[in-house]
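Colleague: only geometry, no sequence info:
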């Protein structure tokens, strides 16, 4: 057997699918390939074509398909083309000619069998059989909804005539799924061999039970519609996945197309050529005519076999499916169920392709055509099972809605946002947590006790595009620029350049003109800590340090530029709150006047140096977020500590306690503390650690290094 990627699609089916792509201006063929396969299967199973397996088991050539694609992809148009231009001649020939011929053959046989069993008059039994056949209603080729009794009644008619199939084609599956659960449950039983147990009902003069007829009635299913309607995060989605768990996971071919279709990628000239193509029209007309010949009564009950080599290829594929299924994790039950049974539905489809080709047996190529499609649909199922959970949908909704919303808005717009207040609050918290890991920030704001939510998709900082503006004037002419981070020193070292970390409307530097959007913070440090100590404290972060005009060896004055991990767009009030939180986080004091969007700095040709490290994580400092609330609570709990002590405590964890306390001690040494003062402060801080070091370890390691540093100094 060939490798999957080397296999081909059924040539006629694939050509038809590509024509549907062109006619619907949709470049994704998987939906149409599966739809074509379904319509072909309705023809083969309606003619009661079957497969005789090597173990002499006979199975029908039916097909189940769940075909999901985004709105505007051409689902309805493709179905209309297939029904009105491709399969219509087969359907007419089948319903108007083949069915009556078969009924005329079969009903007398059924009457004779009943007469022999009851020792009655065959002619009288024929009258009863014909009345019974007519009482169950007209022959239905396909239906989109129904009830359980109606399906069983239609099946009884097919059993009497030994022709036809139950073809359940449900459009807009998301809207109609809950209303058809009874029918869906019946079709769960019908898949394998077209058999179902009868329901026992009370027999009365007005409602008499029909005599049970044993036999096989093929069943085909195609549910198609938009993924969003079916996977709504509410009851419809819950019930759909319950159906998969009860057995539907292994039965259908799955298609899940989430990408938007781009009809504008095709030129107007090409669209016109596609519409008037005589080649396409000729192919479709000939195909429709060829398919109509398959409705000939001579094709009824065609039993397809396979050679030994084809059977072995099929068993080889079965083993491959089982091997791959066994490699899946235990929790991947639905994928495991589909994959371990994938071989079974491929042989049904292979037989359909053989029937369409008027082949007397299933050839190797037919098996490979079916495997090719089955493997594509298996990948779609993986995507389907990785669907967004409700909290993910909520986070994405908040990030895209573009405005503040309340829980009332969420209840109206999102079907999955339901349950008690506690459940909804938990869903919001999960959305917030998901957002932290997926570049979505969700802010909460309370006005008169009403909770307002706003989401924003954060853009990761591009170090090749740092947001700055610069001018030779204090207030006007601020040119917007996006320099690389490692080139910022050219601006900071240039003579008499005023610069800011925001862009401004009309290049006029004032708060009202500040354009939201920054990806670096700037810190002014004046005399609070020596520059080499600040560098050591921030050695884990990427930064640019440069000295200002009043910097001296005795009094260090300098600026620190820290690129942030995300670009933030904050208004003036939120920016001040953001910077206030950042100031509380820092291990040393800085000029708090830098907490303004319109703040500007002056260049200076002094000393500068870059250091490598992580980008500053801004998430704990963004106002109105849960992470910022947690940060504020932490600061409140550490009220008795100064900035440096908080810094050491909050950056100390398993494996680095000794190193952090040593760094703390060295900073104290550089600040001029003597040995005893350093020892007291280190031990005091150690006692505040949740998992403090042994005092003996402090003496043997940290204080030993401190003593050497003081001696050298």
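Modeller: Received it, and whenever you're ready, just let me know what you need. Being a predicted model, the structure only gives us computed values, none of them experimental. Numbers count the residues shown, from 1 in each chain.
Colleague: ok, then the element right after the helix or strand hosting residue 132?
Modeller: Residue 132 belongs to helix 122-135 when elements are defined using DSSP states H and E. With elements assigned by DSSP H and E, the helix or strand that comes after helix 122-135 is helix 148-161.
Colleague: can you give me the buried ones in that following helix?
Modeller: Neighbour-count burial for helix 148-161 flags 150, 151, 152, 154, 155, 156, 157, 158, 159, 160, 161 (criterion: 16 or more other C-beta atoms under 10 Å). Bear in mind the C-beta positions are built from the backbone N, C-alpha and C, glycine included.
Colleague: cool, stretch 622-635 as well?
Modeller: 622, 623, 624, 625, 626, 627, 628, 631.
Colleague: minimum pLDDT in those residues, which residue is that?
Modeller: Lowest pLDDT within the buried residues of stretch 622-635 is found at residue 626 (78).
Colleague: quick check: it vs residue 414, distance?
Modeller: To residue 414, residue 626 is 20 Å away according to C-beta to C-beta, to the nearest Å.
Colleague: hang on, the earlier thing: of all the buried residues of stretch 622-635, which two lie farthest apart?
Modeller: Greatest spatial distance among these (C-beta to C-beta): 624 and 631, at 12.3 Å.
Colleague: hang on, residue 416 packs against residue 392?
Modeller: No. Under the criterion of C-beta atoms under 8 Å, residue 416 is not in contact with residue 392, lying 10.4 Å apart.
Colleague: so the two - more neighbours on which side?
Modeller: residue 416 (21 against 17; other C-beta atoms under 10 Å).
Colleague: who's in contact with the more buried one?
Modeller: When contacts are counted by C-beta atoms under 8 Å, 6 or more residues apart in numbering, residue 416 touches 232, 233, 234, 237, 390, 393, 394.
Colleague: that one: which element?
Modeller: Judged by DSSP H and E, residue 416 forms part of no helix or strand.
Colleague: the residue nearest to it when sequence neighbours are not counted: neighbour count?
Modeller: Spatial nearest neighbour of residue 416, excluding adjacent residues (C-beta to C-beta, 6 or more residues apart in numbering): residue 233 at 2.6 Å. Residue 233 has 22 neighbours, counted by other C-beta under 10 Å.
Colleague: wasn't residue 233 part of a helix?
Modeller: No. If the criterion is DSSP: H, G, I helix; E, B strand; the rest coil, then residue 233 is coil and not within a helix.
Colleague: so can I have JSON lines of the buried residues of helix 148-161 showing distance to residue 351 and pLDDT?
Modeller: What follows is the buried residues of helix 148-161, written out as JSON lines (distance: C-beta to C-beta, whole Å; pLDDT from 0 to 100):
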{"residue": "150", "distance to residue 351": "29", "pLDDT": "92"}
{"residue": "151", "distance to residue 351": "24", "pLDDT": "92"}
{"residue": "152", "distance to residue 351": "26", "pLDDT": "90"}
{"residue": "154", "distance to residue 351": "24", "pLDDT": "93"}
{"residue": "155", "distance to residue 351": "21", "pLDDT": "93"}
{"residue": "156", "distance to residue 351": "26", "pLDDT": "92"}
{"residue": "157", "distance to residue 351": "25", "pLDDT": "93"}
{"residue": "158", "distance to residue 351": "19", "pLDDT": "94"}
{"residue": "159", "distance to residue 351": "21", "pLDDT": "94"}
{"residue": "160", "distance to residue 351": "25", "pLDDT": "94"}
{"residue": "161", "distance to residue 351": "22", "pLDDT": "94"}
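Colleague: if we take these, which one ends up nearest to residue 65?
Modeller: Looking across the buried residues of helix 148-161 and measuring by C-beta to C-beta, the closest to residue 65 is residue 151, at 18.3 Å.
Colleague: got a list of what the closest one touches?
Modeller: Contacts of residue 151 (C-beta under 8 Å, 6+ apart): 166, 183, 186, 187.
Colleague: assess the claim that the first one and residue 191 are in contact.
Modeller: No. Under the criterion of C-beta under 8 Å, residue 166 is not in contact with residue 191, lying 10.8 Å apart.
Colleague: overlap in contacts, the two.
Modeller: Counting by C-beta under 8 Å, 6+ apart, the residues touching both residue 166 and residue 191 are residue 219.
Colleague: so the two - more neighbours on which side?
Modeller: More crowded of residue 166 and residue 191, by other C-beta under 10 Å: residue 166, with 29 against 25.
Colleague: give the closest residue to that one in space, chain neighbours not counted.
Modeller: residue 219 (4.5 Å).
Colleague: got the contact list for the one you found?
Modeller: 45, 60, 62, 165, 166, 167, 168, 187, 190, 191, 194.
Colleague: with residue 352 instead?
Modeller: 37, 40, 41, 43, 44, 45, 49, 61, 63.
Colleague: which members of those residues are the farthest-apart pair?
Modeller: Among those, 37 and 49 lie farthest apart (C-beta to C-beta), at 14.3 Å.
Colleague: what sits against residue 321?
Modeller: 339, 340, 341, 342, 343.
Colleague: so which of the residues you listed sit within strands?
Modeller: Residues of those located in strands (DSSP state E): none.
Colleague: quickly name whichever of the residues you listed is closest to residue 437.
Modeller: residue 339 (29.2 Å).
Colleague: how much space separates the closest residue in space to that closest one that isn't next to it in sequence from residue 374?
Modeller: Nearest residue to residue 339, sequence neighbours excluded (C-beta to C-beta, 6+ apart): residue 325, at 4.2 Å. From residue 325 across to residue 374, the span is 14 Å (C-beta to C-beta).
Colleague: next one: residue 187
Modeller: 20 Å.
Colleague: with residue 473 instead?
Modeller: In terms of C-beta to C-beta, residue 473 sits 70 Å off from residue 374.
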